[in-house]
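Asks: Got a sequence here, can you build the structure:
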Amino acid sequence: MSWFSRVFGNGFTVSVVTNIQDAQPNFIYRERKRKMRITGETMADGYAVYSASIKHWEGQPDVLVDETERQRIASNVQQNLASKGKSVYLS
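Replies: Numbering: from 1, shown residues only. Have a look, this model is predicted:
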């Protein structure tokens, strides 16, 4: 497993956790006291982030995020990973 994160001025972090079994990343997005796991895959020069996996906050499986919040979170993840020199493809 590998982790890295950076707190941005607007209060969110993104940690990358690599699954040892299949070497695919999961992104742990934290904002205030909420947390969400987002799936993706490793690309040659960065990551693909599966926007469709941005569904709900941990502990609130019945409360789905709306499209506006999904886009905001995806943009935050992209901004965070780009600050580390990674290319990010949203799919």
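
Asks: Residue 40: what secondary structure?
Replies: Secondary structure state of residue 40, per DSSP: H, G, I helix; E, B strand; the rest coil, is strand.

Asks: Report how many residues lie close to it.
Replies: 23 (other CB atoms under 10 Å). Just so you know, the C-beta spots here come from the backbone N, C-alpha and C atoms, and that holds for glycine as well.

Asks: give me the beta-bridge partners of it?
Replies: When bridges are called by DSSP bridges, residue 40 pairs up with residue 49.

Asks: From residue 32, how far out is it?
Replies: According to CB to CB, to the nearest Å, residue 40 stands 23 Å off from residue 32.

Asks: How are the helices of this structure distributed by residue range?
Replies: With DSSP state H as the criterion, the chain has helices at 67-82.

Asks: pLDDT at the residue nearest the centre of it, what is it?
Replies: With the centre of the chain defined as its mean C-alpha position, the nearest residue by CA atoms, centre = their mean is residue 27, 3.9 Å away. For residue 27, the pLDDT comes out at 95.

Asks: try residue 72
Replies: Looking at residue 72, its pLDDT is 95.

Asks: Equivalent analysis for residue 85, please.
Replies: Note for residue 85: predicted pLDDT of 89.

Asks: Please report how far it lies from residue 59.
Replies: Separation of residue 85 from residue 59 (CB to CB): 33 Å.

Asks: beta partners for residue 26?
Replies: Counting by DSSP bridges, residue 26 forms beta bridges with residue 17, residue 39.

Asks: ok, so what distance separates it from residue 90?
Replies: Going from residue 26 to residue 90 by CB to CB gives 16 Å.

Asks: Report the contact partners of the residue nearest to the centre of the chain.
Replies: By CB atoms under 8 Å, 6 or more residues apart in numbering, the residues touching residue 27 are 14-17, 37-40, 47, 49, 77.

Asks: For PyMOL, write a command that selects the buried ones of the residues you listed.
Replies: Buried residues among these (16 or more other CB atoms under 10 Å), as a PyMOL selection:
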select buried, resi 14+15+16+38+40+47+49+77
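
Asks: Find the residue closest to the residue nearest to the centre of the chain in space, skipping its chain neighbours.
Replies: residue 38 (4.3 Å; CB to CB, 6 or more residues apart in numbering).
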